[in-house]
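# okay, predicted coordinates and the sequence, questions at the end:
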Amino acid sequence: MWNQVYNPFGNAALSTVAAAVPAVTLLVLIASNKVKAHIAAVIALIATNIVTIFAFTMPVGMSIRASLLGVVVGFFPIGWIVLNVIFLYRITVETGRFELLKRAIGGVTTDRRLQLLLIAFGFGAFFEGTSGFGTPVAITGAVLLGLGFSPLAASGLSLIANTAPVAYGALGAPIQGLASVTGLDPYILGAMIGRQLPFFSMLVPFWLIWAFAGWRGMIAIWPAILVTAVSFAIPQFVISNYINPWIVDIGASLISMGCLILFLEVWQPRELWLSPALRGKDESISTMKPVKPLDTKPLTQSQLWNALLPWIIVFIVMLIWGNGSFKTWANSIFIWNYQVPDLHNMINKMPPVAAKPTLEGAVFSFPYLSLTGTGLLIATLISGALMGVAPAKMVVEYGRTIRLCAVSLITISAMLAIGTLTRLSGVDATLGLAFATTGVLYPFFGTLLGWLGVALTGSDTASNVLFGNLQKITSEQLGLSPILMAAANSSGGVMGKMIDAQSIVVASTATNWFGHEGTILRFVFKHSIALACLVGGLVTLQAYVYPFTQMVLK
């Protein structure tokens, strides 16, 4: 049995510096663009093991086992999702269905800014709500690239758009995780988050278009952005406060996309924005193959259905796979839980991170049927069969997809190994405790703690499980609302989603822009910091200036 140590040097500042080594190593190596992402991840994993073993006194065997557990968790479920999303995309390209999809979207609008609102924000929010865990970035990144966006625009903008919906992703998985470690009612937590994120659901669509087209490009289509934002933010608030936190993203995204499409029937911008590149310098534009002009001939009814068929099937399958009853049934039959020897229940999480010594589980759960990636694979196989793709052709294409994604899968697994090891060793908690010492400024820095948690772990759910109870304990000691600060952990965390290393690798894989993860990180980092600080400012106002926003309907 080993107890986590949060101040191994007896000096909080020195211990915090040591705890920051894994994250700083990984981010600096990636941002430098001089070290390939998979090499950077392996180097950072080695550095993490050195820190956990020699600084935080974690036994060598436990450190290695935790790393190996993270490697496997990196492939299931994250890598499994990426692999099968790219497989779906390649099948639609090979069958010509993606060309029809581009024409269908072009029939709604050829303006790149409006396509971003529809695909990156609306379509992405739907897939965040049904499956989460990298699915929306993988799908929207691939779709935007196929529509002709530059690789940097497709990847970076997909990451920025995938923020406001994240707290309710995967049918409310982050909220369920937060409730499990805090003991607070998930409905109340979901309602409180629903009094924070709608402000940013209003802001992010404007921010997204500004990042792509600049101020003038954004102002030129402000009516469409406003329709998108309002029709998402209001349902997000209403559903989270008056219905439940599980279907927020699904309901809000469908309403938002529907309202935008209907609005574009009566309104179009005076000048179309047809450039596929980011405003200013976009080095990725030089790596693009020449894009042939889009066929503007209207699709027949048959062609439209052929274009939408694969995505309708994905839509249906993801709704089924995200349903709790289906998961319960599937997991009762098709699941394998492996308790890692000499690691599972051999580590104690200690106060003040936990209220009392609490055993840390180390179980590789493999619910192979209910995994989101499995649902995507099944949807692709059904789509391929209906589109007339021979089984042998699908096998060959899947082999090509594996070769295409191999390096990215290694990278994702190494990054998840870092996240798993820092969690089990208590390194993450040491960073969290540093934020907890900020006193009256805690509402701001506690929100940034959620941002840090997602940036380190790659998951709002994991960040909530890691820091949720710390938020509760610290807020009670400072006389703040534990509901407010627990919710702030999740709301702040969503802005860290765009800079977590695994999401960046998912984006680079989806857009076929390998080796440029540093460029993507540098592009999104400033947006992530700015938005996280704005969330922190809102939570501070809620804590001290407008406490009525803490009144949650029961």
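Cool, the structure landed. Everything numeric in this text was worked out from a predicted model, so none of it was measured.
# what helices or strands is the top helix by length along the chain leaning on?
Ranked by residue count and defined by DSSP state H, the top helix of the chain is helix 391-425. Packing partners of helix 391-425 (3 or more C-beta pairs under 8 Å, 6 or more residues apart in numbering; DSSP states H and E): helix 12-32, helix 37-50, helix 60-73, helix 80-94, helix 442-457, helix 460-478, helix 501-510. (Glycine included, C-beta is placed from N, CA and C.)
# out of those helices, nearest to W246?
Each of these has some distance to W246 by C-beta to C-beta; the shortest is helix 460-478, at 13.5 Å.
# what angle sits between the helix or strand that the closest one is followed by and helix 460-478?
Per DSSP states H and E, the first helix or strand lying C-terminal to helix 460-478 is helix 482-493. Angle, helix 482-493 to helix 460-478, by axes from the mean of the first three to the mean of the last three C-alpha atoms, to 10 degrees: 140 degrees.
# just the C-alphas of helix 482-493, formatted as PDB.
Extracted in PDB, the C-alpha atoms of helix 482-493 (Å, rounded to 0.1, in the frame of the first residue of the first chain):
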ATOM      1  CA  PRO A 482     -19.400  24.100  -3.200                       C
ATOM      2  CA  ILE A 483     -22.000  23.800  -5.900                       C
ATOM      3  CA  LEU A 484     -20.700  26.900  -7.600                       C
ATOM      4  CA  MET A 485     -17.100  25.900  -7.500                       C
ATOM      5  CA  ALA A 486     -17.700  22.200  -8.400                       C
ATOM      6  CA  ALA A 487     -19.600  23.500 -11.500                       C
ATOM      7  CA  ALA A 488     -16.800  26.000 -12.200                       C
ATOM      8  CA  ASN A 489     -14.400  23.100 -12.400                       C
ATOM      9  CA  SER A 490     -16.400  21.700 -15.300                       C
ATOM     10  CA  SER A 491     -17.200  25.100 -16.900                       C
ATOM     11  CA  GLY A 492     -13.600  26.200 -16.800                       C
ATOM     12  CA  GLY A 493     -12.400  22.800 -17.900                       C
END
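# run the angle between that helix and helix 442-457 for me.
If you take the same axes, to 10 degrees, helix 482-493 sits at 50 degrees to helix 442-457.
# for the record, mean pLDDT for helix 482-493?
Average pLDDT, helix 482-493: 95.
# mind giving me the packing neighbours of that helix?
helix 169-182, helix 186-193, helix 442-457, helix 460-478, helix 517-544.
# in that helix, what's buried?
P482, I483, L484, M485, A486, A487, A488, N489, S490, S491, G492, G493 (16 or more other C-beta atoms under 10 Å).
# and what of stretch 234-252?
Buried residues in stretch 234-252 (16+ other C-beta under 10 Å): 234-241, 244-252.
# give me the distance between the two termini of that stretch.
Criterion C-alpha to C-alpha, to the nearest Å; first-to-last residue distance in stretch 234-252 is 8 Å.
# chain center to it, what's the gap?
19 Å (C-alpha atoms, centre = their mean, to the nearest Å).
# what are the contacting residues of that stretch?
For stretch 234-252, the external contacting residues (C-beta atoms under 8 Å, 6 or more residues apart in numbering) are 125-126, 128-130, 164-165, 168-169, 171-172, 175, 186-187, 189-191, 193-195, 197-198, 201, 232-233, 255-256, 319, 324, 552-553.
# pull out the buried members of the residues you listed.
Buried subset of those (neighbour count, 16+ other C-beta under 10 Å): 125-126, 128-130, 164-165, 168-169, 171-172, 175, 186-187, 189-191, 193-195, 197-198, 201, 232-233, 255-256, 319, 552.
# quick one: pLDDT of A120?
For A120, the model assigns a pLDDT of 96.
# which stretches in the stretch 151-300 of the chain count as strands?
Taking DSSP state E, counting those that start in this stretch as the criterion, the stretch 151-300 of the chain carries no strands.
# how about low-confidence regions in this protein?
By pLDDT under 70, the low-scoring segments of the chain are 290-296, 547-554.
# repeat that for 50
Low-confidence segments of the chain, defined by pLDDT under 50: 552-554.
# packing partners of the following helix or strand past the longest helix of the chain?
The helix or strand immediately downstream of helix 391-425 is helix 427-435, counting by DSSP H and E. When contacts are defined as 3+ C-beta pairs under 8 Å, 6+ apart, helix 427-435 packs onto helix 12-32, helix 442-457, helix 460-478.
# angle of helix 427-435 against helix 12-32?
Angle of helix 427-435 versus helix 12-32, following the same axes, to 10 degrees, is 120 degrees.
# just the CA atoms of helix 427-435, as CSV, please.
Only the C-alpha atoms of helix 427-435 are listed here, as CSV (Å, rounded to 0.1, in the frame of the first residue of the first chain):
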residue,chain,number,x,y,z
VAL,A,427,1.2,14.8,-9.3
ASP,A,428,-1.9,16.5,-10.6
ALA,A,429,-3.2,17.0,-7.1
THR,A,430,-0.1,18.9,-6.2
LEU,A,431,-0.8,21.4,-8.9
GLY,A,432,-4.4,21.6,-7.8
LEU,A,433,-3.4,22.4,-4.2
ALA,A,434,-1.3,25.3,-5.4
PHE,A,435,-4.4,26.8,-7.0
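# appreciated, that's everything.
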